[in-house]
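Q: sharing a model that was predicted from the sequence below.
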Amino acid sequence: MDASLAPNRNVAIASALADELARAGVRHFCVCPGSRSTPLVAAVVALAKDRPGLRIWSQIDERSAGFFALGLAKQTRLPAAVICTSGTAAANLLPAVVEASQSAVPLLLLTADRPPELRDWGAPQTIDQLRLFGPYARWFAELPPPEASVDLLRHARALGSRAVATACARPPGPVHLNLPFREPLEPVAVAGDRVEDLAADSLAARGRGSCAYTRVATARLAPPDDLVRRLATAIAATPHGVIAAGPLDAGAELAAAVARLARAAGWPLLAEPTSQLRAGPHVASAPVVGSHDSFLRDAELAASLAPRIVLRLGAPLTSKSFNAWIASHPEASLWIVDPDGRFADPTHRAAELLRVEPELLCDALAVRIERMSRALAPEWLDAFAGAERRARSALARELAADDRPLGPRIVAELAEMLPAGATLFVSNSLPIRDVDALFPVSLRPLRVLCNRGANGIDGIVSTALGAAAGGAAPLVLLTGDLALLHDLGGLLAARRHRIAATLVVLNNDGGGIFSMLPVAGQREAVGFEALFSTPHGLDLAHAARLFGATHARVTSVEELRLALKHTIGAAGLHVVETPFDREVDADARRALFARVAREARA
């Protein structure tokens, strides 16, 4: 894109920046309306005409836009950009920035601003935007107010390249660029700017052809031989170990490597769905365990399964029973594999923090262990396999015996009906806990996404729709009613951009998870119903109708199956609402897991 063809200095600098963002890998720009950001918007619109693969997503709400971009970045594994105007518009991006930082997702925040002479002088729509996102931004930079200068044009191009490289570096995360503009903001010719003179410097005006202005070479972190030798020796000498996988964006290469290591070590792989390791072709040849949250609730069984080494991939596991199990065996060594080098160890138990690529480490360890002469301990794997088999059998029987579409049964039905290649986006709070506890091991390739960085319920709808816009199809969102209401405005993106998705809403008229917590026993002493459960009494059919979605309120499992059959993979937005009493659901869930844990011990 030739910045010297821009009508004025503002658009010239914005064009150089946008051009380099796109050359460095940005394919999606989420644009929010505003005056001060006009030069950026004009530049991106012009850029999109030259680049057919570039998409612009219009969003009226910055908070939803931030999460929508987060979903795009999660799905595509490429940085997505958000453009917004100055003032509180920029501040509304903070929740998405926090989640992107905590979950290591690349994101670019392009916030327009007033020029320095208008700051702190009462100018409208002006706040202090410098380092607005604090420690949650991997990097912050501010461009100077644009001038028709070759040096500034080169600076803008270099800044775009560096912003993408930093967002994608280890650990990935959000990068904030603050861009002050003086009027005129619209793309009109300004005679005194003499932008055409910039054409004399081809590098500044047009960049480096099809390449990014600055290319950043990166290398995968391979484990050194001495580390592989030491760890493999320890694994070979320790038959009682487990591989545990928390939230992780594992692809086919990592899945195959972990499966190979589990076989070679003779260790079970305890994989939660968001690790992407509980479902897929690799489970056919690996000792994958999916019911550990259920059977580790039994204290006697958990005590009998005493690990000596726990090799953890990904973020800390969602399962409270898993974490309690590890805590009850303090003699076990915890090894954490994290190429980003984050100390994600809230228990402060880690004996090894391994900053290497997990697939390279698992493959290297498997190769070395396979060459060793060692006796496996089949009774160790058999104990986990038996507990898994008994827990799955008990779950299937108990769920089949109860035809009420309560939370656990809905998860079981979704697990049956999701087709191969589908993406399940799961809200935090009770939905992610139910999916972790109940989703079975499956040969079908499925992707399970969740905002597990900060674990909030904000922005869930927008993040899921962003993933759908990025190519996740079919996409099903499993969410509670409060999370839906928290991000109700996010549904507008589906209507405006014709995004296909099915939203399964667990409507217990409030915060059902609080009925599972100790505070529920305090009741009126803490104003439990009004201040924790927060019933809303809203008819969600009106919300669906407002945003052009179909709506089905199901009251039986048969109705649920029929609704899912007609909506999963269908064009448009669909809301499948399952209303139930939160106290009934809480009692049924407690009874279910108590019976399953008891029977898994036998």
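A: Good, I have the coordinates. Numbering: from 1, shown residues only.

Q: how about the strands of the stretch 401-550 of the chain, start to end?
A: For the stretch 401-550 of the chain, the strands defined by DSSP state E, counting those that start in this stretch occupy 423-426, 447-449, 475-480, 501-507, 550-553.

Q: ok, residues contacting the first one?
A: Contacts of strand 423-426 from elsewhere in the structure, counted by CB atoms under 8 Å, 6 or more residues apart in numbering, are 71, 75, 273-274, 414, 418, 432, 435, 446-450, 460, 463-464, 467-468, 472-479. Heads up, the C-betas are built off the backbone N, CA and C, glycines and all.

Q: circling back: how about the strands of the stretch 401-550 of the chain in CSV, adding mean neighbour count and mean pLDDT?
A: What follows is the strands of the stretch 401-550 of the chain, written out as CSV (neighbours: other CB atoms under 10 Å; pLDDT from 0 to 100):
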stretch, mean neighbour count, mean pLDDT
strand 423-426, 27, 98
strand 447-449, 23, 98
strand 475-480, 26, 98
strand 501-507, 26, 97
strand 550-553, 18, 98
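
Q: how about those strands in TSV, adding distance to residue 561?
A: Shown next, in TSV, are the strands of the stretch 401-550 of the chain (distance: least, CB to CB, whole Å):
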stretch	distance to residue 561
strand 423-426	16
strand 447-449	21
strand 475-480	14
strand 501-507	12
strand 550-553	11
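
Q: can you tell which of these is closest to residue 207?
A: Of all those, strand 447-449 sits nearest to residue 207, with 34.3 Å by CB to CB.

Q: how far does that closest one sit from its chain's centre?
A: 9 Å (CA atoms, centre = their mean, to the nearest Å).

Q: which strands or helices does that strand pack on?
A: Here strand 447-449 touches strand 423-426, helix 460-469, going by 3 or more CB pairs under 8 Å, 6 or more residues apart in numbering; DSSP states H and E.

Q: out of those, which is the most enclosed?
A: Comparing those by mean neighbour count (mean count of other CB atoms under 10 Å), helix 460-469 ranks first with a mean of 30.

Q: and it with strand 475-480, angle?
A: Interaxial angle, helix 460-469 versus strand 475-480 (axes from the mean of the first three to the mean of the last three CA atoms, to 10 degrees): 170 degrees.

Q: now do helix 460-469, average pLDDT.
A: What helix 460-469 shows for mean pLDDT is 98.

Q: show me the domain layout of this structure.
A: If you go by automatic domain parsing, the domain ranges for the chain are 3-206, 225-388, 402-601.

Q: including distance to residue 396, could those domains go into CSV?
A: As requested, the domains of the chain are exported to CSV (distance: least, CB to CB, whole Å):
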stretch, distance to residue 396
domain 3-206, 32
domain 225-388, 11
domain 402-601, 8
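
Q: mind checking which of the ones you listed is nearest residue 394?
A: Using CB to CB, the nearest of the domains of the chain to residue 394 is domain 402-601, at 4.2 Å.

Q: mind naming the longest helix for this structure?
A: Counting residues, the longest helix found in the chain (DSSP state H) is helix 378-400.

Q: that helix packs against which elements?
A: Using 3+ CB pairs under 8 Å, 6+ apart as the contact test, the elements touching helix 378-400 are strand 288-289, helix 292-295, helix 407-417, helix 582-601.

Q: buried stuff in the third one?
A: So the one you mean is helix 407-417. Under the neighbour-count criterion of 16 or more other CB atoms under 10 Å, helix 407-417 has 407-415 buried.

Q: now residue 207. Nearest residue, chain neighbours left out?
A: Using CB to CB, 6 or more residues apart in numbering and skipping the chain neighbours, the partner closest in space to residue 207 is residue 213 (5.2 Å).

Q: quick one: which helix or strand includes the one you found?
A: Using DSSP states H and E, residue 213 falls within no helix or strand.

Q: tell me, how many residues neighbour it?
A: Using other CB atoms under 10 Å, the number of residues around residue 213 comes to 21.

Q: likewise for residue 564?
A: Other residues near residue 564 come to 23 when the count uses other CB under 10 Å.

Q: re earlier: surely the residue nearest to residue 207 touches residue 163?
A: No. Residue 213 is beyond contact range of residue 163, at 11.2 Å (criterion: CB atoms under 8 Å).

Q: distance of residue 378 from residue 165?
A: According to CB to CB, to the nearest Å, residue 378 and residue 165 sit 49 Å apart.

Q: these two - which one has more neighbours?
A: Taking other CB under 10 Å, residue 378 and residue 165 do not tie; residue 165 has more neighbours (21 against 11).

Q: name all residues that make contact with the more buried one.
A: By CB under 8 Å, 6+ apart, the contact set of residue 165 is 24, 214, 216.

Q: not counting its neighbours along the chain, what's nearest the spatially most central residue of the chain?
A: Central residue of the chain (CA atoms, centre = their mean): residue 451, 4.3 Å from the mean position. Nearest residue to residue 451, sequence neighbours excluded (CB to CB, 6+ apart): residue 99, at 5.2 Å.

Q: this completes my enquiry, with thanks.
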